[in-house]
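Student: With the sequence up front, the predicted model follows.
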Amino acid sequence: MRSSTLFTRMNRHHRTTDNRDNRARAKAAKVIVKSSSAAPPSRSLVEYGAYINGVKIKSESVVDALALVRSHHEWQDGGAEAGRAFVWVGLHEPEAAEVEWLAQVFRLHPLAVEDAVKAHQRPKVERYGDSLFVVLKTLAFLDYDDQDAAGEIIGTGEIMAFVGPDFVVTVRHGEHCPLAEVRARLESKSELLDRGPAGVLHAIADHVVDRYLHVADLMQEELEEVEATVFASVSSRDIGRIYQLKREMIDMKRAVTPLVAPLSSLAQRRMIPSGMRDYFRDVVDHLARVCEQVELSNELCNSILQAALARSNALVNEDMRRISSWVAIMAVPTMIAGIYGMNFDHMPEARSPYGYPVVLTVMVVVCSLLYRHFRRNGWLGAKPRQS
């Protein structure tokens with residue numbers, strides 16, 4: 001009798017679980033497809049998966065993954081375990097129709113969807129209902145082979161993240177800063193995935209800011225190399241390189257500085273679990289360090305540029321003095337030759353037998369005295385040191 005009762009209860013349990021799974025799948029399917037122009041992501045879909053209690057669950061489609069997660073939420077009745085189940089969908093430069101399809105599945109706000117499609121957005125954190133829309137600028141220090149025709153050494157891109165109670169949708173623009181490394185690191189440690197969507201957002205932000213630090217360090221090395229070159233010998237090519245670095249520093253400031261306020265506010269939002277706020281504050285501290293380093297590098301770049309221009313002007317002045325010195329020296333024999341080349345009838349010294357050697361001697365003596373004078377004053381070479 002007891003075994004029969006137990007068997008009946010188990011059957012009821014399985015029927016209840018199946019019913020909840022079916023209801024979750026039905027709810028996930030109802031949101032699709034309201035617009036004929038929307039289409040599931042294919043070309044732009046990098047990876048997706050359902051993560052439940054720190055484990056990735058395989059599923060045939062994004063809809064199935066969402067159904068698994070929401071079935072788990074219903075089974076947990078919104079308890080603490082429910083927050084550990086979520087879907088993560090990663091896209092790379094998607095088409096508008098693909099993002100619209102995901103917007104219908106996850107009920108994303110139209111304004112955020114429009115920003116994600118168009119890209120080229122300012123770093124920000126915006127709240128739409130029970131979800132967040134985060135825009136992060138990505139930076140990468142390019143190798144020589146990857147530099148474009150303009151010679152830019154820093155590549156930029158964007159990562160947009162839609163973060164909800166049970167989903168994370170990342171949209172990446174540009175070839176830099178892929179998220180495969182972040183996903184692999186999270187999947188290798190279940191305790192990181194247990195933090196839920198907020199943990200994924202923290203991992204992405206931390207990864208982006210770490211890239212900022214790496215790029216800032218490489219830019220510092222580049223500036224130090226240019227600084228050594230400038231003080232050794234300066235040319236127009238060096239000044240052009242400094243201007244290029246200055247432009248790259250401005251791009252870095254545009255990417256890094258506007259992110260401080262949004263991330264700081266993110267560390268204080270109630271939508272972020274209290275246990276995760278300390279982690280976001282740590283990212284903000286790293287970002288503040290990047291901002292300081294970028295500001296110092298920018299000031300160093302300004303100093304190098306001013307020093308290069310001053311040294312270039314000094315070299316131009318040296319060249320002008322050298323040219324002027326030789327012009328003055330050559331002016332003496334030119335003037336004397338010009339005087340005696342005139343066809344006057346009465347020039348007594350021209351008929352003297354000593355006239356020619358005297359004129360040559362005067363030319364040599366005056367030119368020698370001028371050369372010695374200019375040489376002593378540093379106009380025709382290094383000025384001798386004073387003992």
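Tutor: All right, it came through fine. Worth saying up front: this structure is predicted, and the values here are computed from it rather than measured.

Student: all strands for the chain, in order.
Tutor: When secondary structure is read from DSSP state E, the chain shows strands at 45-52, 55-57, 85-92, 124-128, 131-141, 154-163, 167-173.

Student: With mean pLDDT as extra columns, can I get the ones you listed in a markdown table?
Tutor: Putting the strands of the chain into a markdown table (pLDDT from 0 to 100) gives the following:
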| stretch | mean pLDDT |
| --- | --- |
| strand 45-52 | 90 |
| strand 55-57 | 89 |
| strand 85-92 | 93 |
| strand 124-128 | 90 |
| strand 131-141 | 91 |
| strand 154-163 | 92 |
| strand 167-173 | 94 |
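
Student: Pipe these into CSV and attach distance to Phe280 per row.
Tutor: Where you see a C-beta, it was placed from the backbone N, CA and C, and this is true even at glycine. Formatted as CSV, those follow (distance: least, CB to CB, whole Å):
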stretch, distance to Phe280
strand 45-52, 20
strand 55-57, 24
strand 85-92, 18
strand 124-128, 10
strand 131-141, 11
strand 154-163, 12
strand 167-173, 15
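
Student: Could you list the residues in contact with stretch 239-251?
Tutor: With contact meaning CB atoms under 8 Å, 6 or more residues apart in numbering, stretch 239-251 is reached by 151-154, 156, 219, 222-223, 226, 230, 294, 297-298, 301-302, 304-305, 308-309, 312.

Student: Restricted to buried residues, select the residues you listed in ChimeraX.
Tutor: Buried residues within these, by 16 or more other CB atoms under 10 Å, are selected in ChimeraX with:
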select :153,154,156,219,222,223,226,230,294,297,298,301,304,305,308,312
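
Student: how about the helices in the stretch 151-300 of the chain?
Tutor: 180-188, 190-193, 197-232, 236-256, 260-266, 274-340 (DSSP state H, counting those that start in this stretch).

Student: Quick one: closest of the strands of the chain to Leu213.
Tutor: Leu213 lies closest to strand 131-141 among those, at 10.0 Å (CB to CB).

Student: In that closest one, which residues are buried?
Tutor: So, applying 16+ other CB under 10 Å, buried residues of strand 131-141: 131-141.

Student: Pull out the buried positions in stretch 68-78.
Tutor: 68-75.

Student: scratch that, stretch 252-267 is what I was asking about
Tutor: 252, 255-256, 259, 262-264, 266-267.

Student: Nearest residue to the middle of the chain?
Tutor: Residue closest to the mean C-alpha point of the chain, counted by CA atoms, centre = their mean, is Leu139 at 2.3 Å.

Student: Double-check that residue against Arg211; I have them as touching.
Tutor: Yes. Counting by CB atoms under 8 Å, Leu139 touches Arg211, with 5.9 Å between them.

Student: pLDDT below threshold where in the stretch 1-150 of the chain?
Tutor: Applying pLDDT under 70 to the stretch 1-150 of the chain flags residues 1-39, 76-83, 144-150.

Student: can you map out the helices along it?
Tutor: Counting by DSSP H, counting those that start in this stretch, the helices of the stretch 1-150 of the chain are 2-30, 62-76, 96-106, 110-118.

Student: who touches the shortest one?
Tutor: Counting by CB under 8 Å, 6+ apart, the neighbours of helix 110-118 from elsewhere in the structure are 94, 96, 99-100, 103, 121, 126, 128, 133, 135, 160, 162, 171.

Student: Filter those residues down to the buried ones, PyMOL style.
Tutor: Here is the PyMOL selection string for the buried members of these, based on 16+ other CB under 10 Å:
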select buried, resi 94+99+100+103+121+128+133+135+160+162+171
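
Student: Any chance of the contacts of helix 110-118 in a markdown table with distance to Ser325 as columns?
Tutor: As requested, the contacts of helix 110-118 are arranged in a markdown table below (distance: CB to CB, whole Å):
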| residue | distance to Ser325 |
| --- | --- |
| Pro94 | 69 |
| Ala96 | 70 |
| Val99 | 71 |
| Glu100 | 75 |
| Ala103 | 76 |
| Gln121 | 60 |
| Glu126 | 68 |
| Tyr128 | 74 |
| Phe133 | 69 |
| Val135 | 62 |
| Met160 | 65 |
| Phe162 | 72 |
| Val171 | 66 |
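
Student: which strand residues sit across from the closest residue to Arg254 other than its chain neighbours in the sheet?
Tutor: Sequence neighbours aside, Lys137 is the residue nearest to Arg254 in space, at 7.6 Å (criterion: CB to CB, 6 or more residues apart in numbering). Beta-bridge partners of Lys137, counted by DSSP bridges, are Glu158.

Student: Could you measure from Lys137 over to Leu287?
Tutor: For Lys137, the distance to Leu287 (CB to CB, to the nearest Å) stands at 12 Å.

Student: Now do the nearest residue to the residue nearest to the centre of the chain once chain neighbours are set aside: how many residues are near it, please.
Tutor: Ranked by CB to CB, 6+ apart and with sequence neighbours excluded, the top spatial neighbour of Leu139 is Val215, at 4.6 Å. Val215 has 26 neighbours, counted by other CB atoms under 10 Å.

Student: Before I go, just wanted to say thanks for your time.
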